[in-house]
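Peer 1: sequence first, then the predicted structure:
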Amino acid sequence: MFRWNPGRRDGAMVLIASMSGSVANKGLVCPVYNSSKAALLQLTRNLAMEWSGKGREHPMVKRNFEEVPGLREKWERENMMGRLATPEEFKGAGLFLLSKASSFMTGSNLIIDGGHTAW
């Protein structure tokens, strides 16, 4: 997601990844997927370093957790909140990250996973 003002040289970018960039998914063999999500986390930190102080708000990552076919019951049991997120539950974070309210965030990782990675 982007918010950009080319004439004023300011804006914000939000990269959306997954908890799979930080944890191994028990029972799933998906090293390529997990590696790609970990790469997004590192890309966020690097872009923040390159773009900081250049009139831009900086890249941020929101990791999400949403339904994957065949895994709903398993992941609901392993989640602190006992359920999976709905797409609507990410809207507030997106609005915040693209607004001026988050203008001092850079290279950050906002985790929205119902406590799954806190175990």
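Peer 2: Arrived safely.
Peer 1: give the buried residues for stretch 11-20.
Peer 2: By 16 or more other CB atoms under 10 Å, the buried positions in stretch 11-20 come out as 11-15, 17-20. Where C-beta positions appear, they are placed from N, C-alpha and C, glycine not excepted.
Peer 1: what do you get for stretch 36-49?
Peer 2: Buried residues in stretch 36-49 (16+ other CB under 10 Å): 37, 40-41, 44-45, 47-48.
Peer 1: model confidence over it, on average?
Peer 2: The pLDDT scores in stretch 36-49 average 88.
Peer 1: can you check stretch 76-83 too?
Peer 2: So the average pLDDT for stretch 76-83 ends up being 88.
Peer 1: what about the buried residues of stretch 36-49, which are in helices?
Peer 2: Applying DSSP state H to the buried residues of stretch 36-49, the entries found in helices are 37, 40-41, 44-45, 47-48.
Peer 1: my read: residue 119 touches residue 81, true?
Peer 2: No - assessed by CB atoms under 8 Å, residue 119 is found out of contact with residue 81, at 12.0 Å.
Peer 1: quick one: least confident helix or strand in this structure?
Peer 2: Across the helices and strands of the chain, mean pLDDT, DSSP states H and E gives its lowest value to strand 60-64, namely a mean of 49.
Peer 1: what about the closest residue to residue 81 other than its chain neighbours, distance to residue 100?
Peer 2: Nearest non-adjacent residue to residue 81, counting by CB to CB, 6 or more residues apart in numbering: residue 114, 3.9 Å away. Distance, residue 114 to residue 100, by CB to CB, to the nearest Å: 28 Å.
Peer 1: between these two, which one's more packed in?
Peer 2: residue 114 (20 against 10; other CB atoms under 10 Å).
Peer 1: can you give me the helices in the protein?
Peer 2: Going by DSSP H, the chain shows helices at 31-51, 72-77, 91-97.
Peer 1: so which elements touch the longest one?
Peer 2: Pointing back at helix 31-51 there. Here helix 31-51 touches strand 10-18, strand 60-64, strand 108-111, going by 3 or more CB pairs under 8 Å, 6 or more residues apart in numbering; DSSP states H and E.
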